[in-house]
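*Asks:* here is my input, please return the structure:
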Amino acid sequence: MDTIRLLMLEDNADDADLVSRALRKGGVPHELRLVETREAFVAALAGYRPDLILADFKLPSFDGLEALAIARKRAPETPFIFVSGILGEEQAIESLKKGATDYILKSNLARLAPAAARAVEAAAQRAERRRTERERRQVQFAIDNASDGALWIGPDGGLRYANPAACRQLGYSRQELLQLHVGDIDPGITPQRWQELWRRTRAAERVGFECIQHAKDGREIPAEVAMNYAVFEGEELIFAFCRDISERKRAEAERGRLLQSERRARAEAEAANRAKDEFLSILSHELRTPLTAIWGWVWLLRQGGLDTAQRDKAMGIIEHNMELERRLVDELLDVSSLARNRLQLDKRTVDLAELAAQTRARCADEARLKNLRLLCEFQRDLPVLADPERLGQALYNLVSNAVKFTPRGGTVKLSTRRDGGLAKFIVEDTGPGFAPEFYSHIFELFRQKDASLTREHGGLGVGLAVAKQLVALHGGEISVSRPEPGRGARLAVALPLAVPAEAAAGPPAAPEGEPALGGVDILVVEDDAQTRRMLVSVLEHCGATARGAAGAAEGFAAFCRSRPDVLLADIAMPGEDGYSLIRRIRALPPEKGGQVAAAALTAYTGNDYRAEALRAGFQLCLSKPIDPAELTAAVRALARPGEKPRRDPPRKAPR
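*Replies:* Numbers count the residues shown, from 1 in each chain. The predicted structure follows:
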């Protein structure tokens, strides 16, 4: 027996010693604390926590029954034995009724050790039963209040118990669940499957898996199940804990979706990078090829020895390749403007059929070189609200693409027609058409069906993408018929018909021949010497008196020395830009040239530069490279007395 903590209430030390020796002799080792007064007894109960209390019945300050009452209140589970020399039978019975464990006469201490041992053992057993019962209640409380469903299942698969969480999860009452078989909840558990689970759980004591449980209302609930085998009160059972993992499955599905999306985005980014690299290679090729022809023929011209026919041929080739370079630059600038949403439209009512006819005329030479039949079926009177230059550019991109890919001797058909509230422009060809795998990439920037070194057709691969965006800016759309190998391609532009109104004038016709500038004094302010000399030469060739200045300061001084009729000034110049120059001139009084006609020159693109030039005081803004015919027409409009110049002279047909 382990050593017990013994609290003894005794006022006689000799008697206390006799009691202690009797216990030791009887095999009850103990640690003794002896108290005599009520106060000491109460304090010992609070701090000492004894395993056994022995008390004399008669004490000087208070009696044993009062001590028993205090002990039952403060330490109700601790055994209390009276050890007295004067305890009568009636007093002994009364003490037992009030909660004493036993009573021993001092004249018969031989009974003390066995009685004390029994009392301590009985108290320990009661404490163990209370602890076990509390643990059972705690387990039951935990199961009843768990967020996961808990089921007890018998060997036959019938349900023996279901906690509230299982009832809520499955939508049954407890009574309903206890009438079910485990296969009613999880149809995947057939009788054979249940026998396998029972065998595995009984052997391994724990089996886990995921399943789909069926609720009373038909809902399917993804669940994670953990099964444990146990024997409860002689009955073999499986304790199954079922966790609803619907949220986890949704999160996993979302993670999977995001992962797939990320993979697609990465693949698209890699494809875009490849397309960009291919585009840069193609751009280099497309820029360098015309330059090679220009360079070679310029060298031959410098060497001399060419007859008139050869010189004319050289000039024609140089002009043709310069035009190719200009188209490439215009395409790149259009892509930049569209990407930055900086492209603004000057819309007016135009006839779609007229634009289609102009497009046909522009592509006629290209078609003739390939011996193509260019068929047209134009229904007239199709008014649309559009910027004729930009919409014409979109139509040209579509038609030139068809001409490019249609083999020699083939046919390209252009048609316009009314379709309800829409005006349609349709391009059909007898070329190879679009490959099915390329169909979804038709309108992507820098994407070409063939970007290899052996490709048959040139170009940057931006024409269709630019066309689609330009048409979209006009409130329309481009559709492409589904590819049929060998059946050609069919693209259709659909635009909303304009509300009937007075027909607006179309783009002004270009003047026939170069206009004369005789008697016009022009000051050209341009920091690039070669460009300056070219501009002065062109103007002088057209009859003007032209002079140049290499910068804003030099130009202002030349202006003040001799006031010109027209000022042409570059915007970007070192030291002082063209904006500053025109502001200084506009600050002069009219008699000193403050109201001179002026046009800005710039290699920058975008409406911001043009708007800033007009705000600064220029009347026109001309973009480089400058077509000599456009230049002379613009100067003539500025210099002609009484004619209000247009803010933006028309350039050549869009490319």
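
*Asks:* pLDDT-wise, which helix or strand of the protein ranks last?
*Replies:* Lowest by mean pLDDT, DSSP states H and E among the helices and strands of the chain is helix 308-339, with a mean of 78.

*Asks:* may I have the strands that pair with the next helix or strand after it, each with its orientation?
*Replies:* Counting by DSSP states H and E, the next helix or strand C-terminal to helix 308-339 is strand 348-351. Paired strands of strand 348-351, with direction, are strand 383-386 (antiparallel) (DSSP bridges).

*Asks:* which other helices and strands contact the helix or strand following the partner strand?
*Replies:* Once strand 383-386 ends, the next helix or strand along the chain (criterion: DSSP H and E) is helix 388-405. Packed against helix 388-405 by the contact rule (3 or more CB pairs under 8 Å, 6 or more residues apart in numbering; DSSP states H and E) you find strand 348-351, helix 352-369, strand 411-419, strand 422-429, helix 463-473, strand 490-496. C-beta coordinates here come from the backbone N, C-alpha and C atoms, glycine included.

*Asks:* CSV for the ones you listed, including mean pLDDT?
*Replies:* Formatted as CSV, these follow (pLDDT from 0 to 100):
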stretch, mean pLDDT
strand 348-351, 91
helix 352-369, 90
strand 411-419, 92
strand 422-429, 92
helix 463-473, 84
strand 490-496, 90
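
*Asks:* and these: which comes nearest residue 82?
*Replies:* helix 463-473 (105.8 Å; CB to CB).

*Asks:* what's the closest one packed up against?
*Replies:* Partner elements for helix 463-473 (3+ CB pairs under 8 Å, 6+ apart): helix 308-339, helix 388-405, strand 477-480.

*Asks:* among those, which is the most enclosed?
*Replies:* Each of these was given a mean neighbour count from mean count of other CB atoms under 10 Å, and the largest, a mean of 23, is that of helix 388-405.

*Asks:* circling back: report all helices and strands that the least confident helix or strand of the chain contacts.
*Replies:* Checking 3+ CB pairs under 8 Å, 6+ apart, helix 308-339 ends up next to helix 246-303, helix 463-473.

*Asks:* out of those, which is the most enclosed?
*Replies:* Mean neighbours per residue, mean count of other CB under 10 Å, is largest over the helices and strands packed on helix 308-339 for helix 463-473, with a mean of 21.

*Asks:* got the angle between it and helix 388-405?
*Replies:* Computed by axes from the mean of the first three to the mean of the last three CA atoms, to 10 degrees, the angle separating helix 463-473 from helix 388-405 equals 150 degrees.

*Asks:* these two touch, right, residue 349 and residue 381?
*Replies:* No: if you go by CB atoms under 8 Å, residue 349 and residue 381 don't touch, sitting 11.5 Å apart.

*Asks:* and these two? Which one has more around it.
*Replies:* Each of residue 349 and residue 381 has its neighbours counted (other CB atoms under 10 Å); residue 349 has more, 18 against 12.

*Asks:* the more buried one bridge partners, please.
*Replies:* Assigned bridge partners for residue 349, using DSSP bridges, are residue 385.

*Asks:* swap in residue 378?
*Replies:* Here residue 378 sits in beta bridges with residue 416, as judged by DSSP bridges.

*Asks:* which residues touch it?
*Replies:* By CB atoms under 8 Å, 6 or more residues apart in numbering, residue 378 lies in contact with 353, 356-357, 414-416.

*Asks:* and the furthest pair within these?
*Replies:* Between all members of the contacts of residue 378, the farthest pair (by CB to CB) comes out as 357 and 415, at 11.6 Å.

*Asks:* need the overlap of contacts for those two.
*Replies:* Contacts common to residue 357 and residue 415, judged by CB under 8 Å, 6+ apart, are 376, 378.

*Asks:* now for the helices and strands packed on helix 388-405, which one comes closest to residue 256?
*Replies:* Using CB to CB, these put helix 463-473 closest to residue 256, at 32.7 Å.

*Asks:* which of the contacts of residue 378 sits closest to residue 184?
*Replies:* residue 415 (68.5 Å).

*Asks:* report pLDDT for the closest residue to that closest one other than its chain neighbours.
*Replies:* Computed as CB to CB, 6 or more residues apart in numbering, the closest residue to residue 415 that is not its neighbour in sequence is residue 377, at 4.2 Å. Listed pLDDT for residue 377 reads 92.

*Asks:* just list the residues touching residue 377, thanks.
*Replies:* Residues near residue 377 by CB under 8 Å, 6+ apart: 413-417.

*Asks:* quick revisit: out of the helices and strands packed on helix 463-473, the one nearest residue 246 is which?
*Replies:* Nearest of these (CB to CB): strand 477-480, 42.4 Å.

*Asks:* give me the buried positions along stretch 523-530.
*Replies:* Buried residues in stretch 523-530, counting neighbours by 16 or more other CB atoms under 10 Å, are found at 523-527.

*Asks:* neighbours of residue 552, just the number please.
*Replies:* 23.

*Asks:* all numbers from here: first residue = 12
*Replies:* Happy to do that; since the first residue is 12 now, the last one works out to residue 563.

*Asks:* for it, give me its contacts.
*Replies:* Counting by CB under 8 Å, 6+ apart, residue 563 touches 536, 580, 584, 586-589, 591-592.

*Asks:* cutoff 6 Å now
*Replies:* When contacts are counted by CB atoms under 6 Å, 6 or more residues apart in numbering, residue 563 touches 584, 587, 592.

*Asks:* format the residues you listed as CSV; extra columns: distance to residue 634.
*Replies:* Shown next, in CSV, are those (distance: CB to CB, whole Å):
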residue, distance to residue 634
584, 16
587, 21
592, 19
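
*Asks:* which of these lies closest to residue 28?
*Replies:* residue 587 (120.8 Å).

*Asks:* give me the number of residues near that closest one?
*Replies:* 14.
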